[in-house]
Every structure is written in structure tokens, then in C-alpha cells.
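Visitor: Fold the following and give me the result.
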Amino acid sequence: MDLEKAPREGCAPRVAARTRPAGPPARPQPEAPEGCLTVAIRVPVRIVVLVLVVPVRMAWDALVVTGRFLNDTLLRPLGRALLWLGRAVLVWPFVALWRYVAVPLGKGLARLGHVHVLVPLLWSYRYVLMPLGHALARAGRGVGTALGWAYAHLLTPVGHAVMWVLRGIGAVLAALGLGAGTALAWLVRYLVVVPARGLYAWVLAPVGRALLWCGRGLAWLVGRVVTGVGAALYWIARILFVLPALALWRWVLTPVGRVLAVVGREVRDALGHAWRVAGHVSLAVGRFLGTLVRWILVEPVRWVYRSVLTPVGHAVRDTVWRPAAEAARGAGRAVRQALAAARETVRQARADVRRTLFGEPGRPVPVARREPSGREARTLGSSTTALTKD
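Guide: The predicted structure follows:
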């Protein structure tokens, strides 16, 4: 048993391995040694592939960046606009047509069909067809009962009588023709059956056996000939076609295929390696170009915006826009006050004209309320309530 404790790492708890493992520890498999052909092919192939792949990867990354920019700035808003336009032109009219035309029309047609078609059909079935069917069924049952009585009490006795008569006639005819039948059977036996048996036993059977034996011998001979010809053709085809093809496969195609497999594997690995290296190169070039654009265009524009345009804008805002806004707000307040005064003057003039033409308006007559207000309301602890007070 393994009684050694596992090494302690950091703050991990101490674990003691006190049980035997399920099997022997797996040994790392040694990598297969690479041949000189693989090593000789790898370096030039990777160099050539790297030279060829770097421009392609850079062009691909440029296309990806351009596509993302176009997608974010042009294609996606255009797609959303086209989607909204398609909904406005195609979906919403059909939805409105379905909701406000087709559905009410369908409900109306269903109501008309129910009232003018289904209800009359149900009424005719219930009060016309069903009683008529019951009547026909009763009539059919009566006819069937009558036919059954006629069959049982009329046709069956008549049939039994006819069969009894026919049986009697057959018995009489059999008694009359017994001797003639025996003579005819004896003639058939000795004139037809006995000669036919002799012909089959002494002529047809030996001839059939002889023909069967000749056929078996001919079949055996043909089989031997076919077997010999097939063996000859097999060896001819093996010598002329199979052995050369086997030699070609073993000594030419297999080595060439192995070399091509090594070359293809190295080209595949070189393409993957070159594509990853080209990605790092393209990333570095992109970062360099981005930094260059930022220092040439973005930083000067940012500095101009922060150092020049922002102070100028603040100055224009403080010296021009704010006084102009204050003046505009003051003018607006004055105009609103003037309009309010004018409206009040017009309202007073209209009230004076109405008072002059129609007199003072009548004041509403106060209505006696059930509940008293003020000091006459109910009070706790008093025997006098509002309903009994004079």
C-alpha cells in the first residue's frame, strides 16, 4: 500500500493516498519519430505558405473590418428601415384587412349560414326526415315479418315435398340401371386401364430413365468443360491484370501516396500555422495603423475641439446665446402678460355688455339641508338631535 502523503500546495487541505489505485498509472506514449523527409519538407513549405498566406489574411481582416463597419453603420439601419417599410406596406394592411374586413364578414356569413341553412336543415331532419325514416323502418319490419312467415309456412313445406319426389325418382332410376353400369365398368377396365398400365410400365418408364441418364451425363460433361475454361480464364486474368495491378499498387502507388500524405499533412499544418502567424501580423499592422490614424487625425481633432472650439463655444454661449435667450424669455413673458391683460379686459367688457342687455343674473335660492351646519350640528352627550330640534 502507498502510505506516502500527497504534497501540500498552498492552502489546499492535506490528502493522504491510502487506497491502491484501480490500475497502473498510464505512461505517456512517446511520440513517433519523424523522418528526414518530413523535416526536409516542413521548413520550406512553411516559409512559402507564410509568404502566400500573410497578404490573404491581411486582406481578409480588412474585409472583415470593412464588413462590420458597413453592417453597423449602413446595412443594419437600412435593414431596419426596409423591415419597417415592409411591415407598413405588406403586413399592416393585411392585418387591418383581416381584422376589420375578413373577420366581421366571416362572422356575418357564419351567422347567416347558421340562421338560413343550419337551422332549416336541423328542423327538416328533426320534424320531416326522422318521422319519415321511422315510418319506413316500421313498414320494412312489417314486410320482413310477412316474408319470414311466408318462407316458414309456405316455401319450406313446398321445398320438402319437391325434394321427396326427386329422391323417389332417383331411387327408381338407380334400381333400373345397376346391371348396365357393371358391364360398362368391366369394359372400361380391360379395354382402357390395363393397356395404359402396360404401356407406362414397359415403354414410357424405361425411355424416361434412359433420357434422364443421358441428361445427367451431358450436364456433368458441360460442367467439367465450363470449370476448365473458368480456371483458364481465372489464371489468365490473374497473370495479365491482377498481378501487375498488385505490383503497381504495392511498389508505386503506396510509396507515392505516403509521400503525398506527408506533403499534404505538412501543407495543412503549415497553412494553420501560417494563418495564425498572419493573424498576429495582421493584428499588429492593424494596431499600428489604428495608432497612426489616432495620432495623425483623432488626437489633433480632439485637441482642436478641447482647446479651441470648446472655449469659443463657451464664450459664444455666455456672450451671445444666454443674453439672447434671456431677452427672448423676457419678451415672451411681456407678450404673455399683455395677452392675459387683453383677455381679462375683453372678458370684463363682455360681462358689462351682458349685464347691460339682460340685467343681473339671478342668484340661486338656498335649499334647506337635512343636516344642520355650524353650531347646530349634533353633539355628543346632548339629548337634543338635529332631527328633533325646532
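Visitor: How about the backbone phi and psi for residue 359?
Guide: Phi and psi for residue 359, reported as degrees, to the nearest 10, are phi 90, psi -180.
Visitor: how close does it get to residue 241?
Guide: Distance of residue 359 to residue 241, computed by C-beta to C-beta, to the nearest Å: 135 Å. Using the backbone N, CA and C atoms, a C-beta is placed for each residue, glycine as well.
Visitor: what do you get for residue 135?
Guide: 92 Å.
Visitor: now the helix or strand hosting residue 212, how far from the chain's geometric center?
Guide: Element membership for residue 212 (DSSP states H and E) is helix 205-237. Distance, stretch centre to chain centre, for helix 205-237: 65 Å (C-alpha atoms, centre = their mean, to the nearest Å).
Visitor: buried set for it?
Guide: For helix 205-237, the neighbour count (16 or more other C-beta atoms under 10 Å) marks no residue as buried.
Visitor: same question for that helix, mean pLDDT?
Guide: Confidence for helix 205-237, expressed as mean pLDDT, is 86.
Visitor: Which residue ranges of the protein form strands?
Guide: Remark: strands of the chain are absent; assignment by DSSP state E.
Visitor: By mean pLDDT, which helix or strand of it comes out lowest?
Guide: Lowest on mean pLDDT, DSSP states H and E among the helices and strands of the chain sits helix 178-188, with a mean of 63.
Visitor: residue contacts, residue 301?
Guide: Going by C-beta atoms under 8 Å, 6 or more residues apart in numbering, residue 301 touches no other residue.
Visitor: Report all helices and strands that whichever helix in the chain runs longest contacts.
Guide: For the chain, the helix with the greatest residue count under DSSP state H is helix 254-293. When contacts are defined as 3 or more C-beta pairs under 8 Å, 6 or more residues apart in numbering; DSSP states H and E, helix 254-293 packs onto helix 36-70.
Visitor: relative to helix 254-293, how tilted is the helix it packs on?
Guide: Taking axes from the mean of the first three to the mean of the last three C-alpha atoms, to 10 degrees, one finds helix 36-70 and helix 254-293 inclined to each other by 40 degrees.
Visitor: Rounded mean pLDDT for helix 36-70, please.
Guide: 79.
Visitor: just checking, what packs against that helix?
Guide: helix 254-293.
Visitor: distance between the helix it packs on and the chain's centre?
Guide: That offset, for helix 254-293, works out to 39 Å (C-alpha atoms, centre = their mean).
Visitor: low-scoring pLDDT stretches of the stretch 51-200 of the chain, where are they?
Guide: 168, 170-188 (pLDDT under 70).
Visitor: Do a quick rundown of the helices in it.
Guide: Along the stretch 51-200 of the chain, counting by DSSP state H, counting those that start in this stretch, helices occupy 76-86, 92-97, 103-113, 119-124, 130-150, 156-176, 178-188, 194-199.
Visitor: Any chance you could list what contacts the second one?
Guide: Outside of helix 92-97, not a single residue reaches it under the criterion C-beta under 8 Å, 6+ apart.
Visitor: start at 5 instead
Guide: Right, with 5 as the first residue, what we last looked at is helix 96-101.
Visitor: Which positions within that helix qualify as buried?
Guide: Buried residues in helix 96-101, counting neighbours by 16+ other C-beta under 10 Å, are absent.
Visitor: centre of the chain versus that helix, how much separation?
Guide: Per C-alpha atoms, centre = their mean, the centroid offset for helix 96-101 relative to its chain is 27 Å.
Visitor: now stretch 208-223, how far from the chain's geometric center?
Guide: 71 Å.
Visitor: Any chance you could list what contacts that stretch?
Guide: Contacts for stretch 208-223 (C-beta under 8 Å, 6+ apart): none.
Visitor: export the helices of the stretch 55-204 of the chain to TSV and tack on distance to residue 288?
Guide: Listed next are the helices of the stretch 55-204 of the chain as TSV, based on distance: least, C-beta to C-beta, whole Å:
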stretch	distance to residue 288
helix 80-90	29
helix 96-101	52
helix 107-117	64
helix 123-128	85
helix 134-154	93
helix 160-180	114
helix 182-192	118
helix 198-203	111
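Visitor: out of those, nearest to residue 343?
Guide: helix 80-90 (42.4 Å; C-beta to C-beta).
Visitor: Specify the angle between that closest one and helix 40-74 in degrees.
Guide: Between helix 80-90 and helix 40-74, the angle comes out at 50 degrees (the same axes, to 10 degrees).
Visitor: Only C-alpha atoms, please: export helix 80-90 in PDB.
Guide: Taking Å, rounded to 0.1, in the frame of the first residue of the first chain, the C-alpha atoms of helix 80-90 are listed here in PDB:
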ATOM      1  CA  ARG A  80     -28.400  47.300 -40.200                       C
ATOM      2  CA  PRO A  81     -30.200  50.700 -40.200                       C
ATOM      3  CA  LEU A  82     -31.100  50.100 -43.800                       C
ATOM      4  CA  GLY A  83     -32.400  46.600 -42.900                       C
ATOM      5  CA  ARG A  84     -34.500  48.000 -40.100                       C
ATOM      6  CA  ALA A  85     -35.900  50.700 -42.300                       C
ATOM      7  CA  LEU A  86     -36.700  48.100 -45.000                       C
ATOM      8  CA  LEU A  87     -38.300  45.900 -42.300                       C
ATOM      9  CA  TRP A  88     -40.400  48.800 -41.100                       C
ATOM     10  CA  LEU A  89     -41.400  49.700 -44.600                       C
ATOM     11  CA  GLY A  90     -42.200  46.100 -45.400                       C
END
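Visitor: sorry, back to before: relative to residue 256, which of the helices of the stretch 55-204 of the chain is closest?
Guide: When these are compared by C-beta to C-beta, helix 80-90 sits nearest residue 256, at 58.1 Å.
Visitor: Show me the shaky parts of the stretch 255-394 of the chain.
Guide: Low-confidence segments of the stretch 255-394 of the chain (pLDDT under 70): 365-394.
Visitor: dump the residue contacts of the closest residue to residue 57 other than its chain neighbours.
Guide: Excluding the flanking residues, the one nearest residue 57 by C-beta to C-beta, 6 or more residues apart in numbering is residue 278, at 4.1 Å. Under the criterion of C-beta under 8 Å, 6+ apart, the contact list for residue 278 reads 50, 53-54, 56-58.
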